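[1] all I have is the shape, not the residue letters:
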DNA sequence: CGGCAAACCTGCGAGC
DNA sequence: TGCTCGCAGGTTTGCC
């Protein structure tokens, strides 16, 4: 489910939690990608939820005890917010947080590739998974020049580079294909072969595609829903993703596998230069 | 160091 | 109907 637009949509759905006070936290599944820190259940009643923000695909919830909860949704994770009375536990509900406003935040994750971390706020920003992140995909500091400087020695293909969170944070497998199509750049192009002009195109397409997806409430594949249960609808706007064999502007979309991940592109409209 | 396959999990659809 | 296989929105690990 979760690339930047879906995480951003999730964050917006969590806004009603801001300013509320935690009543309790329960862990139903101790180990996701790694163990949920046990001391998270010791959060005292009355600790306030101060801020909820996104960094790359990470959700950071800052508390009034100077600790933060970090949530990564992995491949199949999702957060939903219930009125306590309307909650019915379902399979793969691993974690819950109850507030004084009768809200119940539930973390559900079929594949358990997601994780939950809990530590002092000033330690979170030094965690490897945060420190190593590259520039935010939507940040104005992300420019073609920056991208080119990061990839000018890379012998891997640009599709793989777009997924590299240490260069640009937030792009995932779906939007990588969509971005490349929008920029009319072949996913097979090698990083070192991309001109600054092409890097500019990529950066512009990245921002355009991700922003459009956010505006559409993210994408819904399988059963992903946002925190309030509403379906995102950007998947209806995919030009190439999941459209192998179909035509776009009269040209056939091809599915290939790169570095173990599916890539969809249009060879006629995304011509490789070298 | 860089690149790449495999690993971590469950569920679903296709094909036999 | 039921089995096996391949694949799924992400990231880390370990090997070369």
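    Cool, the structure landed. Quick caveat, the model's predicted, so the values are computed rather than measured.
[2] near DNA strand C, which residues of chain A?
    Among all residues of chain A, those adjacent to DNA strand C (criterion: Cβ under 7 Å from any atom of the strand) are A:1-3, A:6, A:33, A:56-57, A:72, A:74-76, A:111, A:113, A:128-129, A:132, A:163, A:165, A:172-174, A:218-222, A:224, A:257, A:260-262. Every residue, glycine included, has its C-beta placed from N, CA and C.
[3] ChimeraX command to pick out the buried ones of the residues you listed?
    Filtering the residues of chain A next to DNA strand C down to the buried ones (16 or more other Cβ atoms under 10 Å) takes a single ChimeraX command:
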select /A:1,2,3,6,33,56,57,72,74,76,129,163,165,172,173,174,218,219,220,224
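[4] show me which of the residues of chain A next to DNA strand C neighbour DNA strand B.
    Of the residues of chain A next to DNA strand C, the ones that also sit near DNA strand B (Cβ under 7 Å from any atom of the strand) are A:33, A:111, A:113, A:222, A:260.
[5] report the lowest-confidence entry in those.
    Across the set of those, residue A:222 stands lowest in pLDDT, at 52.
[6] so who does the residue of the stretch 101-250 of chain A at minimum distance from DNA strand B touch?
    Minimum separation of the stretch 101-250 of chain A from DNA strand B (Cβ to the nearest atom of the strand) falls at residue A:111, amounting to 3.2 Å. Contact criterion Cβ atoms under 8 Å, 6 or more residues apart in numbering gives A:74-76 as the residues in contact with residue A:111.
[7] got it, and residue A:100?
    When contacts are counted by Cβ under 8 Å, 6+ apart, residue A:100 is found next to A:20-23.
[8] the helix or strand where residue A:81 lies and DNA strand B in contact?
    Of the helices and strands defined by DSSP states H and E, residue A:81 is found in strand A:77-83. No: counting by Cβ under 7 Å from any atom of the strand, DNA strand B has no neighbours in strand A:77-83; the shortest distance is 11.2 Å.
[9] partners of that strand, with directions?
    Note on strand A:77-83: by DSSP bridges, its sheet partners are strand A:103-109 (antiparallel).
[10] quick check: phi and psi at the residue of the stretch 101-250 of chain A closest to DNA strand B.
    Reported as degrees, to the nearest 10, the phi and psi values for residue A:111 are phi -90, psi -10.
[11] could you pull out the helices for chain A?
    Counting by DSSP state H, chain A has helices at residues A:4-13, A:121-124, A:128-131, A:144-151, A:158-162, A:173-183, A:196-215.
[12] what angle sits between the fourth one and helix A:196-215?
    What that stands for is helix A:144-151. 110 degrees (axes from the mean of the first three to the mean of the last three Cα atoms, to 10 degrees).
[13] pLDDT of helix A:144-151, averaged?
    Looking at helix A:144-151 alone, the average pLDDT works out to 97.
[14] which secondary structure elements does it sit against?
    Contacts defined by 3 or more Cβ pairs under 8 Å, 6 or more residues apart in numbering; DSSP states H and E place helix A:144-151 against helix A:196-215.
[15] give the buried residues for the helix it packs on.
    Residues of helix A:196-215 classed as buried: A:198-203, A:205-207, A:209-210, A:213-214 (neighbour count, 16+ other Cβ under 10 Å).
[16] from these, which is closest to residue A:274?
    Taking Cβ to Cβ as the measure, residue A:198 is the one of the buried residues of helix A:196-215 closest to residue A:274, at 11.3 Å.
[17] burial count for residue A:112?
    By other Cβ atoms under 10 Å, 16 other residues sit near residue A:112.
[18] tell me which residues touch it, please.
    The contact partners of residue A:112, taken as Cβ under 8 Å, 6+ apart, are A:29, A:31-33, A:74, A:92, A:94.
[19] taking those one by one, which sit in strands?
    residue A:94 (DSSP state E).
[20] so residue A:247 versus residue A:74, what's the distance?
    In this view, residue A:247 and residue A:74 are 34 Å apart by Cβ to Cβ, to the nearest Å.
[21] was I right about residue A:121 contacting residue A:66?
    Yes: in terms of Cβ atoms under 8 Å, residue A:121 counts as a neighbour of residue A:66; the distance is 5.4 Å.
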